[in-house]
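Visitor: Build the 3D model from these lines:
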Amino acid sequence: MPKEKTIYGCQQCGYQSRKWLGRCPDCGAWNSFVEEREEKTISAAALARGLGSPRSGAKSAGKVAPTPYAQVPSQDDARLSSGMVELDRALGGGIVPGSLLLIGGDPGVGKSTLLLQMAAGLSRRGERVLYVSGEESERQIKLRGDRLGLCPGDLHLLPETCLERVLEVVADLKPTLMVVDSVQTTYSERLDSAPGSVSQVRETAGQCLLLAKHQGAPIFLIGHVTKDGALAGPKTLEHIVDTVIYFEGERHHNHRVIRAVKNRFGATNELGMFEMTSSGLVPVANPSALFLQQRPIGVAGSVVVACLEGTRPMLVELQALVSSGKYGTGRRTVEGVEPNRVALLIAMLEKRAGLHMLGDDVFVNVAGGLTLAEPAADLGIVAALASSFRNAAIDPATAVFGEVGLAGEVRATSQPAARLREVAAMGFERVLLPAGNLPGLEAPEGVEIVGVRSVLDALDALF
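Guide: All right, here's what the predicted structure looks like:
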């Protein structure tokens with residue numbers, strides 16, 4: 001009988017070694033190696049044959065032949081609506097048949113609630129949905145459903161963690177959509193490693209991918225996140241799936257943001273907005289009104305920025321506070337924007353505009369807990385910092401957007417017309433924007449647009 005071989009695998013990136021290492025040479029993680037038994041897994045071809053009959057048009061057995069591109073039917077009209085407008089927006093218009101989707105987020109943010117609401121809505125429309133839970137029993141899931149007031153139709157609950165038994169149920173039930181909660185608790189009997197290990201997560205995701213492609217049923221995987229906010233498990237998990245969605249939300253706010261960071265069937269970085277209520281997650285049709293409903297009027301350091309998340313324009317309040325520092329080095333506390341970007345803009349203001357605040361304490365915050373990643377928020381950061389430094393309030397009917405360079409120039413941004421439409425819809429009367437966006441741009445009725453070429457022009461227009 002051959003001797004069993006063991007390997008050591010990094011639980012962060014999947015790197016394998018014959019001996020234990022304190023630090024992973026691939027990703028640099030410390031104490032991440034776990035001993036696992038090296039096994040031969042079943043081949044992809046044998047696994048595909050064991051998943052049941054392949055989808056229509058595929059070769060069932062024998063020699064595999066390619067299909068001409070012109071003969072492949074289009075699936076543009078085959079998307080399945082989830083019944084939740086904001087989720088469909090993040091997915092690029094709906095659920096693509098045969099796709100594998102991964103949803104990650106902090107504990108308690110509402111991942112299971114979101115997918116249970118989606119599954120109940122689809123089952124009421126005649127779809128057969130299988131909800132596989134490795135963390136809750138049927139009664140616990142039913143308790144949440146009753147609390148949310150759900151009335152599902154053809155929805156089936158399966159509290160199971162063994163992947164082979166799940167596949168047997170799928171072969172008999174033949175659902176049109178499946179939810180696995182979660183991929184870290186599901187394990188395969190062919191591997192001896194513990195659930196949640198790199199090999200188990202990779203094996204579970206790989207088999208779910210083959211199941212989705214051959215059966216044509218979309219599969220939602222719920223994934224845990226690490227303390228750094230990244231999806232737990234190997235990076236291969238994100239490469240295997242078709243769509244990666246992060247479910248974000250502050251513990252002290254009711255709104256939740258769903259963001260697609262990878263989507264093979266739609267735009268990336270698309271954003272959907274929900275509000276957590278006693279009856280579950282409710283889509284937010286107007287995020288700008290949500291973020292601006294408690295905005296202070298006539299206060300220095302507050303400015304409204306017209307930002308763009310995916311294809312959705314929205315208005316958010318950006319706040320800054322500049323106070324005299326007691327020590328030689330000022331503090332920098334930033335929430336919602338990149339801290340290095342704020343430090344860069346502070347240095348630029350001192351050099352180009354003569355605002356000496358390097359020794360002051362600077363605090364920057366995006367009201368509402370939203371995170372702004374696009375460069376168009378630069379002009380808003382500059383305006384808020386200058387307003388607080390000068391202790392002069394900005395006109396509450398004014399909004400700004402634009403990218404700022406190191407030379408103090410204001411660069412053009414993308415989709416200015418969409419931003420202006422949102423500004424006009426929220427009742428603002430004046431907009432500061434890059435002069436490079438003015439050619440061919442029509443101002444909405446009742447809105448004055450002011451083009452600026454530099455930070456000095458912007459400060460003159462604001463104050």
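Visitor: Low-confidence regions, the stretch 251-400 of the chain specifically.
Guide: Along the stretch 251-400 of the chain, the model assigns pLDDT under 70 to residues 251.
Visitor: Can you show me the helices along it?
Guide: 287-292, 339-348, 378-390 (DSSP state H, counting those that start in this stretch).
Visitor: How far does the first one sit from its chain's centre?
Guide: In other words, helix 287-292. Taking the mean of its C-alpha atoms, helix 287-292 sits 19 Å from the chain's own mean (Cα atoms, centre = their mean, to the nearest Å).
Visitor: Also the longest one?
Guide: Between the centre of helix 378-390 and the centre of its chain there are 28 Å (Cα atoms, centre = their mean).
Visitor: Flag every buried residue along that helix.
Guide: Residues of helix 378-390 classed as buried by neighbour count (16 or more other Cβ atoms under 10 Å): 378, 379, 380, 381, 382, 383, 384, 385, 386, 387, 388, 389. Just so you know, the C-beta spots here come from the backbone N, C-alpha and C atoms, and that holds for glycine as well.
Visitor: Distance check, the residue lying closest to the first one once chain neighbours are set aside against residue 360.
Guide: Leaving aside its sequence neighbours, residue 378 sits nearest to residue 404 (Cβ to Cβ, 6 or more residues apart in numbering; 3.9 Å). Plainly put, residue 404 is 19 Å away from residue 360 if you go by Cβ to Cβ, to the nearest Å.
Visitor: go on, residue 98?
Guide: As judged by Cβ to Cβ, residue 98 and residue 360 stand 56 Å apart.
Visitor: repeat for residue 89
Guide: Counting by Cβ to Cβ - residue 89 and residue 360 are separated by 41 Å.
Visitor: what about residue 404 and residue 360, which has more around it?
Guide: residue 404 (27 against 19; other Cβ atoms under 10 Å).
Visitor: Any idea what the more buried one is bridged to?
Guide: residue 410 (DSSP bridges).
Visitor: Check what pLDDT it gets.
Guide: On pLDDT, residue 404 comes in at 97.
Visitor: which ones are touching it?
Guide: Neighbouring residues of residue 404 by Cβ atoms under 8 Å, 6 or more residues apart in numbering: 345, 348, 378, 379, 381, 382, 410, 411, 455.
Visitor: In CSV: the residues you listed, plus distance to residue 447.
Guide: As requested, these are arranged in CSV below (distance: Cβ to Cβ, whole Å):
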residue, distance to residue 447
345, 26
348, 28
378, 21
379, 17
381, 22
382, 21
410, 19
411, 22
455, 23
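Visitor: and which of the residues you listed is nearest to residue 421?
Guide: residue 379 (18.7 Å; Cβ to Cβ).
Visitor: which residues touch the residue nearest to the closest one when sequence neighbours are not counted?
Guide: Counting by Cβ to Cβ, 6+ apart, residue 379 lies nearest to residue 402, which is 3.8 Å off, once chain neighbours are set aside. By Cβ under 8 Å, 6+ apart, residue 402 lies in contact with 376, 378, 379, 410, 411, 412, 413, 432, 433, 434, 452, 458.
Visitor: Next up, the contacts around the third one.
Guide: Neighbouring residues of residue 379 by Cβ under 8 Å, 6+ apart: 305, 400, 401, 402, 403, 404, 410, 432, 434, 458.
Visitor: which residues does the second one bridge with?
Guide: Note on residue 400: beta-bridge partners by DSSP bridges are residue 305, residue 432.
Visitor: doesn't residue 377 make contact with it?
Guide: No. If you go by Cβ atoms under 8 Å, residue 400 and residue 377 don't touch, sitting 9.2 Å apart.
Visitor: Spit out the residues that contact those two alike.
Guide: Joint contacts of residue 400 and residue 377 (Cβ under 8 Å, 6+ apart) are residue 305.
Visitor: Could you list the low-confidence segments of the stretch 51-200 of the chain?
Guide: 51-62, 75-77.
Visitor: and with 90 instead?
Guide: 51-65, 67, 71-79, 92-93, 106-108, 182, 190-200 (pLDDT under 90).
Visitor: ranges for the strands of it?
Guide: 100-105, 129-133, 155-158, 177-181 (DSSP state E, counting those that start in this stretch).
Visitor: so which of the ones you listed gets nearest residue 286?
Guide: Nearest of the strands of the stretch 51-200 of the chain (Cβ to Cβ): strand 100-105, 23.3 Å.
Visitor: related to what we said a few turns ago, quick one: the residue nearest to residue 378 from residue 458, how far?
Guide: 9 Å.
Visitor: Now the two most distant members of the contacts of residue 404.
Guide: Counting by Cβ to Cβ, the most remote pair of the contacts of residue 404 is 381 and 411, 14.2 Å apart.
Visitor: Longest strand in this protein, please.
Guide: strand 312-323 (DSSP state E).
Visitor: What are the contacting residues of stretch 81-90?
Guide: Under Cβ under 8 Å, 6+ apart, the answer for stretch 81-90 is 91, 94-95, 114, 117-118, 121-122, 125, 245, 258-260, 270-274, 281, 283-285, 310, 312.
Visitor: next one: stretch 365-377
Guide: So stretch 365-377 is contacted by 248-250, 252-253, 255, 257, 269, 290-291, 294-295, 305-309, 316-320, 334-338, 401-403, 411, 413-414, 419 (Cβ under 8 Å, 6+ apart).
Visitor: in that stretch, what counts as buried?
Guide: 365, 366, 367, 368, 369, 370, 372, 374, 375, 376, 377.
Visitor: ok, of those, which one's closest to residue 222?
Guide: Using Cβ to Cβ, the buried residues of stretch 365-377 come closest to residue 222 at residue 369, 22.3 Å.
Visitor: For this structure, give the helix that spans the most residues.
Guide: helix 198-215 (DSSP state H).
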